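*Asks:* following is a predicted model, sequence given first.
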Amino acid sequence: MTQNASLVQSLARATASLRQEHSPLPILGVTVLIFAIFAVLAPGSFPTFANMSSIGFQVPETALLGLGVMLSMVLGGIDLSVVAVADLSGVAMVQYFTYVGATQPGHGGPLVIATGIGIALLVGAVCGAINGLIIGRLGVLAILATLATMEVFGGLAIAWTGGNTLPDVPTPILDIANLSPAGIPFPAIILLVCALFTALLLNGSRFGIRATLVGANPRAANLSGIRDKGVQLGIYTASGLLASVAGIIFVARTAGATPNYGEGSYVLLAVVIAVLAGVDPLGGFGTVLGVLLAGFALDMIRAGFVALELNQFLYEAAQGGILIFVLAAGSLMRGDMHWLARLRKTPK
Amino acid sequence: MTASDFLARLRGRHNEGVVALTIILLALIVGAMNPGFLGLATVFNVLRNSYEPLLFALGVMLVLLMGGIDVSFDAVGIFAAYTTSVLTANALLPGHLWLMFVISTLIGAGLGAINALIVSLGRLSILIVTLGTRGIFVGVMLTFIGSSFISNLPMSLQSFNVDYLYRTHTDTGQLAGLQMLVVPIAIVCLLIDFGLRFTVIGRGIYAVGGSEEAARRAGFSVGMIKTVVFCCAGALAGAAGMVHVSLIGYANPQDIVGNELIVIAAVVLGGVSIFGGRGSVLGTVLGVLLLELIQYSLIILGVQSSWDHVAIGGMIFVGVALQVRRSPGARANLFAKRPKPSRSPS
């Protein structure tokens, strides 16, 4: 009986996000709407399996970054260094492969591959931990700290490669970007696994609950005896790990480790995804489901633009527009738009 | 005045003295390693590299004083400068350099007004709004205005580069000069400093940065202050973009965007508080000079440019870590959409 009770409880907790104030239902509606719009506008090229599949390959890298940014936003901060961490992890992994000659026949065994991946993850975790320590222990504001670490980590990646792209990527890694077991793109599977872990971490663990509390009201959490330093460390380490997974996917999809891949645009995209997902930047809330949907929605827009043969630069403008629109919508619903009320009061 | 008073005054209200000292120390250290370094040529070269970031930094400072972080300044800069260049190259504008500066500044001010408008829609977070407008400005520029180099700019532009007030040579025999540009830029700095210190709007900026709600209740017109600040920041960015174009000689729409961190770092290093309400023009100028000196020193010392970012990041880190010491426990929420509750003066 107790087994069933706890199963029900876990289910209730897992779906609690859908019933909360910041429910991801709106973003679900938005995603469906976007799909419908582009399916109508480009019936021949958009709603095809090939297109969906290509989206499935493209979404994970940015969605993982979005998850990382979401975690930092739960604490009321922002992690600008996710892309740099991803790049550095990728560089570290490929440097290792180059060092052991993994692309040469007979050398790229599963142990080597696993070690390479492990190195990438380790780099991500360490970078994330550094962020967490600077923000938690030194008390530096998250945006400034990650601004600095973004430069340092990105700079290390550039210095380590001399600014060049490292090409020694063994086939099993490349396969990550090319295989679709059971028709589902492999990166999407990786994304779902990571999303599951993140959701369990955030919603199903004591650590996650503590982190949410710290983000929602740091003072109250502090007075309740929650030590926020450990929470900062944990959250940013998790963020770094997610970034490193994204970095591995970068390498797989671009067949090389580029030290400043996605530097400018991906950070914006990650933040847009997090905000679109309904993540409250004030802290205290974030849904993994929302991030997945938002990542998917944004990449559908990108694919839609391609299908409609619109200028790709317009996509970046669209991202900015979406960000502002979502912010404004949130503000409207919260009743922050005082000038609207004043307009209504004007006598006719 | 006691000794500690004197030291405190030397240090400056926002640690400007510390930055100045760092500049001097750095120059001495590098000078020791490379004897030809300490000379007028170095000063002129560092200044030359500082004009553009300084104008951007002043704009960032104004917004930061008000309590918000503007990350759209580089997009505004390149949008304004590139549009002006396109208009001029297509003979839609007469090809005078001063006119290009004026137009670019005006376009920048206009873009700044857009920022102000969006932010005032519902007291939205300045950081995220400018993150959005950054994408919009760049996207719109590349889509509708063009994405190619513009190199047929008026001749007055090319001569701009060599219009020196005073010339000298580096120890390697290269020409280095103090450009005419230093005069208008110095005037801009003085004007802003004056405005911040002695005008009501200027004090209002600090007030809004300290506590928006308190400023509102004290009678400051917060909406107008925000509009003025964003327009000024936009105008400065437009001018900075034009400086960039004029110093290189051509307009590349892919330029500028991506280097915003150095500017923000310089402003923060210069003592401007990220929480708003504290900071000075002098600090910002010194912060920019320091960062440009670091970059220049790295080149002179032969350090590979790939280590640039690490060095800059390290400096940012040192700067912000030091800042934290000054205001212990004052951890505001960057995304605060509602005005922050007032802190006790530190």
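*Replies:* Yes, it's here. Numbering: from 1, shown residues only, chains lettered A, B, ... in the order given.
*Asks:* so where is chain A shaky, pLDDT-wise?
*Replies:* A:1-25, A:106, A:108, A:279-286, A:336, A:341, A:345-348 (pLDDT under 70).
*Asks:* if we go to 90?
*Replies:* Applying pLDDT under 90 to chain A picks out residues A:1-59, A:61, A:73-80, A:95-116, A:135-148, A:151, A:154-155, A:158-189, A:196-231, A:252-348.
*Asks:* just the stretch 1-150 of chain B next, same as before
*Replies:* In the predicted model, the stretch 1-150 of chain B carries pLDDT under 90 at residues B:1-50, B:66-69, B:71, B:84-101, B:119-128, B:131-132, B:135, B:138-139, B:141-150.
*Asks:* can you list the residues of it near chain A?
*Replies:* B:69, B:118, B:121-125, B:127-129, B:131-140, B:142-143, B:147 (Cβ under 8 Å from any Cβ of the partner chain). For the C-beta atoms, the positions are set from N, CA and C on the backbone; glycine is no exception.
*Asks:* which ones among those are found in helices?
*Replies:* Among these, the ones falling in helices (DSSP state H) are B:118, B:121-122, B:127-129, B:131-140.
*Asks:* can you pick the most crowded of those residues?
*Replies:* Sorting those by how many neighbours each has (other Cβ atoms under 10 Å in any protein chain shown) puts B:G132 first, at 30 neighbours.
*Asks:* residue ranges for the helices of the stretch 101-250 of chain A, please.
*Replies:* For the stretch 101-250 of chain A, helices defined by DSSP state H, counting those that start in this stretch occupy the ranges A:110-136, A:142-161, A:171-176, A:186-204, A:206-216, A:218-223, A:228-254.
*Asks:* tell me the buried residues in the last one?
*Replies:* When neighbours are counted by 16 or more other Cβ atoms under 10 Å in any protein chain shown, the buried residues of helix A:228-254 are found to be A:228, A:231-254.
*Asks:* related to what we said a few turns ago, among the ones in helices among the residues of the stretch 1-150 of chain B next to chain A, which one lies nearest to B:V272?
*Replies:* Of all these, the one with the least separation from B:V272 (Cβ to Cβ) is B:L127, at 15.2 Å.
*Asks:* find the nearest non-adjacent residue to the closest one, please.
*Replies:* B:I69 (4.6 Å; Cβ to Cβ, 6 or more residues apart in numbering or on different chains).
*Asks:* A:A270 now?
*Replies:* A:L65 (4.0 Å).
*Asks:* isn't that neighbour up against A:V83?
*Replies:* Yes: with contact defined as Cβ atoms under 8 Å, A:L65 reaches A:V83; the gap is 6.5 Å.
*Asks:* which residues do those two both contact?
*Replies:* Between them, A:L65 and A:V83 share these contacting residues under Cβ atoms under 8 Å, 6 or more residues apart in numbering or on different chains: A:A243, A:Y266, A:V267, A:A270.
*Asks:* which phi and psi does A:D87 have?
*Replies:* phi -60, psi -40 (degrees, to the nearest 10).
*Asks:* give me the neighbour count for it.
*Replies:* The burial count for A:D87: 30, using other Cβ under 10 Å.
*Asks:* one more: A:I27?
*Replies:* Neighbours of A:I27 (other Cβ under 10 Å): 23.
*Asks:* which stretch of helix or strand covers it?
*Replies:* Element membership of A:I27, judged by DSSP states H and E, is helix A:25-41.
*Asks:* now that helix: buried residues?
*Replies:* Those would be A:L25, A:P26, A:I27, A:L28, A:V30, A:T31, A:I34, A:F35, A:F38, A:A39, for helix A:25-41 by 16+ other Cβ under 10 Å.
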